[in-house]
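**Q** Turn this into a model:
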Amino acid sequence: MSDLRPDTVARMVAEAKEHVETLPVERVAAEIEGGEALLIDVREEDERLLEGALPNAMHVPRGMLELSADPASPLHREEFDPEDRLILYCSSGGRSALGAYTLKRMGYAKVAHLDGGIMQWKRDGRRVEMIGFD
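**A** As a prediction, this is how the structure comes out:
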């Protein structure tokens, strides 16, 4: 019998947050306004339709993040560059922390995530864009 305890989402998110830069809304807004970062929305499409999205965010669902970021993947997206500043966000900050940690492990040194996600962004009175059906 193994002594290894199964992981929980809470433990995995806490570990991710120990290893990645967690940014408050004000800092994310400043980096976006300064053109310093590529903003990546890792939520699912239905969440984007219901909650809106941060302006100019690139949509890459969490389940496609590694495939989109890996240059060796046939699904690699040109927008991903390990030298660029990337800021991920989700609804409340858990998936973006996990995604940022994964990207860091893949060689993306300047990756961070939005603390509190789009929900905190909205609570701070920041603008969101409503997403329509294509």
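
**Q** Can you tell me the SS state at the residue nearest the centre of the chain?
**A** Residue closest to the average C-alpha location in the chain (C-alpha atoms, centre = their mean): residue 88, at 2.1 Å. When classified by DSSP: H, G, I helix; E, B strand; the rest coil, residue 88 comes out as strand.

**Q** before we move on, what about residue 112?
**A** Applying three-state DSSP: residue 112 is strand.

**Q** Quick one: residues contacting it.
**A** With C-beta atoms under 8 Å, 6 or more residues apart in numbering as the criterion, the residues that contact residue 112 are 20, 21, 22, 23, 85, 86, 87, 88, 100. The way it works is simple: take the backbone N, C-alpha and C, and place the C-beta from them, glycine included.

**Q** and the residues you listed as JSON lines, adding pLDDT and distance to residue 31?
**A** Conversion of the contacts of residue 112 to JSON lines gives the following (pLDDT from 0 to 100; distance: C-beta to C-beta, whole Å):
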{"residue": "20", "pLDDT": "96", "distance to residue 31": "15"}
{"residue": "21", "pLDDT": "97", "distance to residue 31": "11"}
{"residue": "22", "pLDDT": "97", "distance to residue 31": "13"}
{"residue": "23", "pLDDT": "98", "distance to residue 31": "8"}
{"residue": "85", "pLDDT": "97", "distance to residue 31": "7"}
{"residue": "86", "pLDDT": "98", "distance to residue 31": "10"}
{"residue": "87", "pLDDT": "98", "distance to residue 31": "7"}
{"residue": "88", "pLDDT": "98", "distance to residue 31": "13"}
{"residue": "100", "pLDDT": "98", "distance to residue 31": "14"}
